[in-house]
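turn this into a structure:
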Amino acid sequence: MSKSDSNASVMKIAQLDQASTTVPRMVEYLFDLAVRAGASDIHMGINNVPGDKQRYLLRLRIAGRLRVVKSQFMNSHYDEVVQRVKILAGMNTTNIGVPQDGQITLERKGGEDVTLRVAIIPNQGAEEVCIRIQRNERLITMDQLLMTEKMFNNVQDLIRRENGMIILNGPAGSGKTTTILSFLHELAGPDKKILTAEDPIERRLPFVNHVQVTEKAGYAELSRTYMRHDADIIFIGEIRDSESAITAVQLAQTGHLVLTTLHTRDSIGVIARMKAFDIHPNFIADTLVGSLAQRLVLGLCHNCKEEYSPDERIVRNVSKILPPPDGIKFYKEGPGCDQCTQVVNGEVIMKGSSGLVPIFELLIVDAEIQEAINREISRIEIREIARKRGMTTLAEEALLRVYQGYIDVSSVYGSLFSMRD
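Residues are numbered from 1 along each chain as shown. Now for the predicted structure:
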């Protein structure tokens with residue numbers, strides 16, 4: 001976001017606390033502010049901080065972090081603001097005791113429409129609101145994922161297989177869908193038939209048939225139907241249960257390349273998760289060709305980042321995972337500049353950082369890993385085999401990003417050892 005956009009947001013949010021501001025205008029300004037600030041989510045709810053006069057809390061998630069936005073209007077008109085959001089999202093405004101979901105489409109002048117997915121739950125006599133902002137943003141291509149050359153080439157080989165299953169895994173919000181879309185963009189063309197089952201459809205690509213999952217047609221139902229549609233590549237948005245897992249395996253067994261996602265801790269964790277979905281190890285070994293774990297870490301602003309010397313204990317511990325190259329420079333967040341500083345309501349809510357940096361761990365299921373899966377050996381043993389065959393861990397990949405100057409070592413230090421285990 002440019003400096004002029006930041007100033008525009010400050011001017012608008014400042015108007016929200018004027019007595020003449022109406023609830024519809026407040027909500028309109030809030031949505032506009034969040035989109036301009038590049039937020040992925042809007043959070044509104046009860047403030048449980050003792051002694052804080054602000055009863056309600058308004059926060060925006062920007063570049064993975066929640067940022068507090070102060071507004072007296074929000075504090076004094078919270079219930080009315082929530083009611084307005086519910087009306088726009090097509091929800092039941094009289095029922096505040098049950099969770100509700102809805103959707104709002106923002107028509108933006110001079111830009112593409114933005115979809116807001118609204119989720120509301122009851123909380124302490126009020127309602128907690130989470131609004132996911134979905135934009136038709138610039139497509140991230142494979143060469144922009146910052147993969148090492150070796151991993152990039154391995155992934156290229158995997159996604160060009162004629163059949164088999166590739167599973168992307170990681171927690172919610174780790175960028176799995178963005179990565180999958182980069183794969184589909186790479187593969188799509190008039191010579192390939194690509195079908196998807198998604199909830200929601202975040203972006204439509206040329207030569208890709210995007211299909212929305214519904215209550216009547218879930219992942220498993222759509223996947224079974226796709227067996228009769230002569231598809232080359234099928235993207236199943238998420239394996240959620242045994243039924244969708246079995247169907248994904250069947251598709252991979254019948255000559256399709258299947259791309260899908262799971263919520264697991266690392267690339268090897270998908271094996272245990274598929275077993276938990278009642279998939280026999282023989283079928284996992286036969287169909288799984290690759291597992292790609294992913295995380296997102298807040299990146300440094302390359303314009304104002306500052307060189308520094310981390311604590312010797314930190315350097316000593318990270319060296320046990322991946323020794324830093326000779327003469328390496330460590331960087332931390334800088335003071336902020338016109339390329340990274342964001343101001344809302346006169347307060348700086350973000351500075352020194354810029355965007356999210358992806359980190360990957362790739363497990364290639366070759367003959368030796370297949371045998372290990374069939375023998376049902378432990379996760380630790382499979383990891384050791386994969387490491388000997390050249391797999392780099394999430395922790396090692398994170399430190400590569402540190403040594404390349406993309407991220408601050410302190411931002412990943414707390415999670416490095418869990419990534420490694």
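
can you verify my assumption that residue 97 contacts residue 120?
No - using CB atoms under 8 Å as the test, residue 97 is too far from residue 120 to be in contact (10.9 Å). All C-beta atoms are positioned from the backbone trio N, CA, C, and that covers glycine.

so where is this protein shaky, pLDDT-wise?
For the chain, the stretches with pLDDT under 70 are 1-20, 109-111, 137, 344-345, 417-421.

now do the domain split for it, please.
Using automatic domain parsing, the domain parsing of the chain gives 3-134, 142-300+309-314+323-420.

quick check: phi and psi on residue 249?
Backbone geometry at residue 249, expressed as degrees, to the nearest 10, gives phi -60, psi -40.

rewinding a little: the domains of the chain into CSV, with extra columns for mean neighbour count?
As requested, those are exported to CSV (neighbours: other CB atoms under 10 Å):
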stretch, mean neighbour count
domain 3-134, 16
domain 142-300+309-314+323-420, 18
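
the stretch 251-400 of the chain: strands as residue ranges?
257-262, 288-300, 306-308, 330-332, 342-344, 347-350, 353-364 (DSSP state E, counting those that start in this stretch).

elements contacting the first one?
Strand 257-262 makes packing contacts with strand 164-169, helix 176-187, strand 233-236, helix 242-253, helix 269-276 when contacts are defined by 3 or more CB pairs under 8 Å, 6 or more residues apart in numbering; DSSP states H and E.

next secondary structure after the second one?
Downstream of helix 176-187, the first helix or strand assigned by DSSP states H and E is strand 194-197.

residues in contact with the helix or strand following that next one?
Per DSSP H and E, the first helix or strand lying C-terminal to strand 194-197 is strand 208-209. With contacts defined as CB atoms under 8 Å, 6 or more residues apart in numbering, strand 208-209 is touched by 184, 188, 193-196.

between these, which is nearest residue 206?
When the contacts of strand 208-209 are compared for distance to residue 206 (CB to CB), residue 188 wins out at 6.2 Å.

how much space between the nearest residue to the closest one once chain neighbours are set aside and residue 229?
The shortest distance from residue 188 to any non-neighbouring residue, by CB to CB, 6 or more residues apart in numbering, is to residue 207 (4.2 Å). According to CB to CB, to the nearest Å, residue 207 and residue 229 sit 15 Å apart.

likewise residue 56?
Computed as CB to CB, the residue 56 to residue 229 distance reads 49 Å.

cool, residue 94 as well?
According to CB to CB, residue 94 stands 43 Å off from residue 229.

could you do residue 392 as well?
Using CB to CB, residue 392 is found at 37 Å from residue 229.

which residues in the stretch 301-421 of the chain form helices?
Here the stretch 301-421 of the chain has its helices, by DSSP state H, counting those that start in this stretch, at 312-321, 367-374, 379-388, 394-403, 409-420.

closest one to residue 225 among these?
helix 367-374 (29.0 Å).

and the closest one, what does it pack against?
Helices and strands touching helix 367-374, as assessed by 3+ CB pairs under 8 Å, 6+ apart, comprise helix 281-287, helix 379-388.

I'd like these laid out as TSV, including distance to residue 39.
Formatted as TSV, the helices and strands packed on helix 367-374 follow (distance: least, CB to CB, whole Å):
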stretch	distance to residue 39
helix 281-287	39
helix 379-388	37
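
residues contacting the closest residue in space to residue 213 that isn't next to it in sequence?
Nearest non-adjacent residue to residue 213, counting by CB to CB, 6+ apart: residue 199, 3.8 Å away. Residue 199 makes contact with 212-213, 219, 237-238, according to CB under 8 Å, 6+ apart.

again, only using 10 Å
If a contact means CB atoms under 10 Å, 6 or more residues apart in numbering, then residue 199 has 211-214, 218-219, 237-238, 240 as its contacts.

cross those against strands and list the overlap.
Judged by DSSP state E, strands contain none of the contacts of residue 199.

those residues into TSV, with extra columns for distance to residue 127?
Formatted as TSV, those follow (distance: CB to CB, whole Å):
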residue	distance to residue 127
211	32
212	27
213	26
214	26
218	28
219	30
237	28
238	27
240	27
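
do a quick rundown of the strands in the stretch 51-200 of the chain.
56-62, 65-68, 100-106, 114-123, 126-134, 164-169, 194-197.

could you point out which of these sits nearest residue 283?
Of all the strands of the stretch 51-200 of the chain, it is strand 164-169 that lies closest to residue 283, at 10.0 Å by CB to CB.

got the angle between that closest one and helix 242-253?
140 degrees (axes from the mean of the first three to the mean of the last three CA atoms, to 10 degrees).

give the partner strands of strand 164-169 in its sheet and their orientations.
Looking at strand 164-169 with DSSP bridges, its partner strands are strand 257-262 (parallel), strand 288-300 (parallel).

in a markdown table, list the ones you listed along with distance to residue 338.
Converted to a markdown table, the strands paired with strand 164-169 look like this (distance: least, CB to CB, whole Å):
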| stretch | distance to residue 338 |
| --- | --- |
| strand 257-262 | 37 |
| strand 288-300 | 16 |
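
residue contacts, residue 294?
Residues in contact with residue 294 (CB under 10 Å, 6+ apart) are 145, 168-171, 174-176, 178-179, 261, 267, 358-362, 394, 397.

name the nearest of the contacts of strand 208-209 relative to residue 352.
Closest to residue 352, out of all of the contacts of strand 208-209 and judged by CB to CB, is residue 184, at 33.9 Å.
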